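Chemist: missing the sequence, but the structure's below:
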């Protein structure tokens with residue numbers, strides 16, 4: 001199985017920040033993790049609050065933990081809050097149930113890692129994550 005390199009992680013972050021600038025989003029924070037949810041790279045734009053690292057990591061790790069984007073976690077929180085509460089209490093990494101966490105896959109669909117973005121609306125965070133993944137020449141889970 002492959003992995004996201006530091007160079008690719010930095011390209012993802014730069015691409016997400018470029019999308020944020022283009023769309024005039026609030027200051028973003030972007031984390032890139034490996035397939036186990038472990039940090040590869042993180043950057044926080046000027047003006048972003050200090051808690052954004054934990055939020056971005058929680059979005060990325062949550063996506064990896066359930067095998068789908070963190071948007072799905074948000075739906076689960078509405079549909080089955082008792083289940084999500086139990087899941088987050090037992091998860092090895094913090095989990096944030098909101099859009100902005102996207103899984104990065106290889107050509108066969110195997111997980112390479114994830115991207116978590118926070119700072120604007122959840123929909124805009126997710127759009128920035130997707131733009132960053134594309135800018136690095138990688139593929140988001142479909």
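Modeler: Perfect, I can see it now. Predicted, not measured: the structure shown is a model, and the values here were computed from it. Numbering: from 1, shown residues only.

Chemist: which residues in this structure form helices?
Modeler: All helices of the chain, identified by DSSP state H, fall at 6-23, 52-66, 70-79, 81-90, 122-135.

Chemist: got TSV for the ones you listed, with mean neighbour count and mean pLDDT too?
Modeler: Glycine gets a C-beta too; all of them are placed from N, C-alpha and C. Below are the helices of the chain laid out as TSV (neighbours: other Cβ atoms under 10 Å; pLDDT from 0 to 100):
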stretch	mean neighbour count	mean pLDDT
helix 6-23	19	98
helix 52-66	25	95
helix 70-79	18	92
helix 81-90	12	89
helix 122-135	23	98
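
Chemist: could the ones you listed be laid out in TSV, adding distance to residue 43?
Modeler: What follows is the helices of the chain, written out as TSV (distance: least, Cβ to Cβ, whole Å):
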stretch	distance to residue 43
helix 6-23	5
helix 52-66	10
helix 70-79	19
helix 81-90	26
helix 122-135	11
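
Chemist: ok, and the closest non-adjacent residue to residue 37?
Modeler: If the residues on either side of it in the chain are set aside, residue 37 comes closest to residue 61, at 4.0 Å by Cβ to Cβ, 6 or more residues apart in numbering.

Chemist: ditto for residue 138
Modeler: Closest to residue 138 by Cβ to Cβ, 6+ apart is residue 104, at 5.3 Å.

Chemist: Quick check: bridge partners of that neighbour?
Modeler: Under the criterion DSSP bridges, residue 104 forms beta bridges with residue 113, residue 140.

Chemist: Any figure for the gap between it and residue 13?
Modeler: Residue 104 sits 13 Å away from residue 13, going by Cβ to Cβ, to the nearest Å.

Chemist: who's in contact with the residue nearest to residue 37?
Modeler: 33, 37, 91-95, 101, 114, 116 (Cβ atoms under 8 Å, 6 or more residues apart in numbering).

Chemist: Check what contacts stretch 98-108 and list those residues.
Modeler: 1-2, 4, 12, 56, 58-64, 67-71, 73-74, 111-118, 122-123, 125-126, 128-130, 133, 138-141.
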